[in-house]
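Visitor: sequence and computational prediction follow.
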2 protein chains.
Amino acid sequence: MLDKKVKVGLMGMGTVGTGVLRLIEGHQADLLHQTGVQIEVVKILVQDPSKRRNFDVDSDLLTDDPYSLLQDPKIDVIVEVMGGIDQTKEYVLEALEHGKHVITANKDLMAVHGAELLQKAAGKGCDLFYEASVAGGIPILRALVEGFSSDRITKMMGIVNGTSNYILTKMSQEGQSYEKALKEAQELGYAEADPAADVGGLDAARKMSILSTLGFHVGMNLEEVNCQGITDVSLDDMKYGDRLGYTIKLIGIAKQDDELIEVSVQPTMIEKTHPLASVNGVFNAVYVYGEAVGETMFYGPGAGELPTANAVVSDLVTVVKNMKLGVNGRGMVAPYKEKKLKTEEEIWSKYFVRLIVNDESGVLAQITKSLATHHVSIEQVIQKPHHSENKAELIMVTHNSSKKSVEGVLKELEGLAAIEKIKSVYRVEGSE
Amino acid sequence: MLDKKVKVGLMGMGTVGTGVLRLIEGHQADLLHQTGVQIEVVKILVQDPSKRRNFDVDSDLLTDDPYSLLQDPKIDVIVEVMGGIDQTKEYVLEALEHGKHVITANKDLMAVHGAELLQKAAGKGCDLFYEASVAGGIPILRALVEGFSSDRITKMMGIVNGTSNYILTKMSQEGQSYEKALKEAQELGYAEADPAADVGGLDAARKMSILSTLGFHVGMNLEEVNCQGITDVSLDDMKYGDRLGYTIKLIGIAKQDDELIEVSVQPTMIEKTHPLASVNGVFNAVYVYGEAVGETMFYGPGAGELPTANAVVSDLVTVVKNMKLGVNGRGMVAPYKEKKLKTEEEIWSKYFVRLIVNDESGVLAQITKSLATHHVSIEQVIQKPHHSENKAELIMVTHNSSKKSVEGVLKELEGLAAIEKIKSVYRVEGSE
């Protein structure tokens, strides 16, 4: 039923690929003990086989022809750590078509084509695992699938983008400007030269799409994730938030109430006593609320060569065990529930709103009238003088209100002559 | 190979047992979807079958004869949530002897007899799972076995006793006395009438013994876990710790350096920036350091009816899947590595020491001489007047030193006339 060796084709030999090679080589004995078989990388896809590399590898293994891996009948498992979306999807489909199990660290791919690929894998009786795609160093997908198997997950909140969390941490703890913190992150290699996907929230949205597909058993599409980045977060917002007991974090939120689902990513005012508030720097964390279990949180490095490689190799161990058992293709189940998304009337939350208003009598009355019309009530207000003459700054935190109502209020306030500017609006989250 | 139903015998119908019944009943459809079989509780062991109960259950299922479960050939799985050690061990052995898989929430049992029971289970090809025994609501054992399968765990630190963490949190955040905080914990049902096992550290030691057996693949014995409780922690220690940047937590530490192992439980000064420092109230958390993954932390409720029951039912799902695959008895592996414990020369750490000394010249010189003799160097010192006349209080934090050296110093200081009292000594832990 199984050869004494499992043969792996590795697509990509960048940072993560090298880490995978390092771990497989360094842990041969442990891996053999756990699985009873030897795991061997037999072919490696690279762009330029003649290039000199940091990691010493037999040059005969290197190839620039993907199909020499995908169609090689000797190869049992494809490990895809090359990145890319559409072309890579074709490669993964080809691998599955040839009955190969696939492990990928590619969140972009899984966020966009995950449901289709999982269906294909199930149809072929192949495993398709992707633990490394979300919060590399945290075994969060495994925890969702297995640890919560008899529970119902109602809420997940994630700090799942290390770059933006690093920037927000620097701003909040050291009072650095957004620009300076971003530059520092780039110098340290935490942010790409083009940081758009990280600071714009897209990277986090991809991960939330993957988490909600798995946690809620529905096929989430990336475009259904409401997404806002951190580029407009200001030190002033942080200061006022701090005064009211909040820290600003880029939080991905996936909630399920009576089978109705909402998934979004946005800079969020989170209560300082909430465990996510003290997740700092490039660390990631996923907070999961289960009906039975209550509050749990999984914390760890979100990226990095070895954490990500470790997640890939853990998946590889599971694939090998499944091969021995002859039970591949049953692990990360394809979505089976019907998806019903919340409307804006059904998305409820507290909100933090900061306004610049004319410092004259009657302004607060106009604002409270508008709030009352839309059934939005206020939990806290701070008013203070603004540096421009005859202006005041007004900071409000609402009670739980629907997104629709709050947007109604904001639209109305924009039209009022006494209101100079809506400076910022944040979703507010805290303890259950 | 498997009937359409899996039949379960439940031993104990207290809080956790009732939770298990509730979850199995409430999640029938989900469980059926995941496993393809129906899970049915067919017999329940209770002390008094005639007693009225909160949970509605067919009275025909109840029995006070354990052997009617253990020897019933129709029963596939025994769920043990009755507690107890030696008698319960006999029951579990009997169940395994009859080829039944066993799930237990019993940390006392697993800490004392775990290695023997796991060996027996492996010999019989039976599963023996115990996720609920450590940090009920956190799937930590699963994470260790699967998430870190290709990594090498070098350090685990756990806040694994909710009662003592509740008491320390109240002391630290509200300045309550130990006695008042304990009383409040008892009133809220967080502490037993006899709190000795919780506040004395034994409960935490049991869990650290289970975690290190699993994480390091060695058979730890409970008596090898150095154990100190929180009964001597004072508000003064907290105040000085706070000033130096530390929070006091009851921390279980399991470390492995070059295959040499140390496991202990003690009140520990932990850097406020460490993720464990903000784990408050009855919550538990296990911080795991893996060579590849780096720092991770798993946070959640440590106890409670539904969190614990959820862990039990997750184990049950795994047992049922394994039955379908015919691969029981390979999950939680029996220890296979040789255990080498560190000597006191090999246990290294920073220490916090608080002394009451005579306020006279030459005292500090005597102390520093003693430190130098034992090669212990100082990272921070605070000296301040003591409320008694002519006395001073001296607080020192050492650099990394061996336990042996620090004990040598303390013994010498005790003999010095100028030293009135060694008020307290804490291990200090922080970021790697």
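Guide: That came through, no problem.

Visitor: for the residue nearest the centre of chain A, phi and psi?
Guide: When C-alpha atoms, centre = their mean is applied to chain A, the residue found nearest the centroid is A:K207 (3.0 Å). Main-chain dihedrals, A:K207, degrees, to the nearest 10: phi -70, psi -40.

Visitor: remind me which residues of chain A are low pLDDT?
Guide: Scanning chain A for pLDDT under 70 picks out the ranges A:1-3, A:325, A:331-333, A:432.

Visitor: that one: helices as residue ranges?
Guide: A:15-26, A:28-35, A:67-70, A:86-97, A:107-124, A:140-142, A:162-174, A:178-187, A:196-199, A:202-216, A:235-244, A:305-325, A:363-373, A:403-415 (DSSP state H).

Visitor: in the second one, what's buried?
Guide: Okay, so that is helix A:28-35. Applying a neighbour-count criterion of 16 or more other C-beta atoms under 10 Å in any protein chain shown, the buried positions in helix A:28-35 are A:D30, A:L31, A:Q34, A:T35. Any C-beta I mention is one placed from the backbone N, CA and C, and that applies to glycine too.

Visitor: make a markdown table out of those and add distance to B:N226.
Guide: A markdown table is the format used below for the buried residues of helix A:28-35 (distance: C-beta to C-beta, whole Å):
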| residue | distance to B:N226 |
| --- | --- |
| A:D30 | 28 |
| A:L31 | 33 |
| A:Q34 | 30 |
| A:T35 | 35 |
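
Visitor: ok, and which of these reach chain B?
Guide: Residues of these in contact with chain B (C-beta under 8 Å from any C-beta of the partner chain): A:D30, A:L31, A:Q34.

Visitor: quickly list what A:Q383 is bridged to.
Guide: A:L394 (DSSP bridges).

Visitor: still on that earlier bit, want to throw the ones next to chain B among the buried residues of helix A:28-35 into TSV with distance to A:I356?
Guide: What follows is those, written out as TSV (distance: C-beta to C-beta, whole Å):
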residue	distance to A:I356
A:D30	61
A:L31	61
A:Q34	61
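
Visitor: nearest to A:L96, of those residues?
Guide: Among those, A:L31 lies closest to A:L96 (C-beta to C-beta), at 24.0 Å.

Visitor: from A:P307, how far out is the nearest residue to the closest one once chain neighbours are set aside?
Guide: In this structure, A:L31 finds its nearest non-sequential neighbour in A:I39, 5.6 Å apart by C-beta to C-beta, 6 or more residues apart in numbering or on different chains. Distance of A:I39 to A:P307, computed by C-beta to C-beta, to the nearest Å: 19 Å.

Visitor: also A:N280?
Guide: Distance from A:N280 to A:P307, by C-beta to C-beta: 17 Å.

Visitor: looking at those two, which is more packed in?
Guide: A count of neighbours by other C-beta atoms under 10 Å in any protein chain shown puts A:P307 above the other of A:N280 and A:P307, at 26 against 19.

Visitor: tell me the contacts of the more buried one?
Guide: Contacts for A:P307 (C-beta atoms under 8 Å, 6 or more residues apart in numbering or on different chains) come out as A:G136, A:G137, A:G300, A:P301, B:A292, B:V293, B:G294.

Visitor: dig out what the spatially closest residue to the third one that is not a sequence neighbour forms beta bridges with.
Guide: Distances taken as C-beta to C-beta, 6+ apart place B:T296 nearest to A:G300, at 3.4 Å, with adjacent residues excluded. Taking DSSP bridges, one obtains B:V288 as the residues bridged to B:T296.

Visitor: and B:T296, how many neighbours does it have?
Guide: Neighbours around B:T296, by other C-beta under 10 Å: 27.

Visitor: could you do the one 3 residues further on as well?
Guide: Neighbour count for B:Y299, taken as other C-beta under 10 Å: 28.

Visitor: would you agree it is in contact with A:G300?
Guide: No: using C-beta atoms under 8 Å, B:Y299 makes no contact with A:G300, being 11.2 Å away.

Visitor: would you mind listing what in the stretch 301-432 of chain A touches chain B?
Guide: A:301, A:304, A:306-307, A:309-311, A:313-314, A:316-318, A:325, A:327, A:336.

Visitor: among those residues, which two are most distant?
Guide: Most distant of these, by C-beta to C-beta, are A:L306 and A:Y336, 34.6 Å apart.

Visitor: so the two - more neighbours on which side?
Guide: Shown here are A:L306 and A:Y336; by other C-beta under 10 Å, A:L306 has more neighbours (24 against 9).

Visitor: roughly how far apart are the more buried one and A:V20?
Guide: Distance from A:L306 to A:V20, by C-beta to C-beta: 10 Å.
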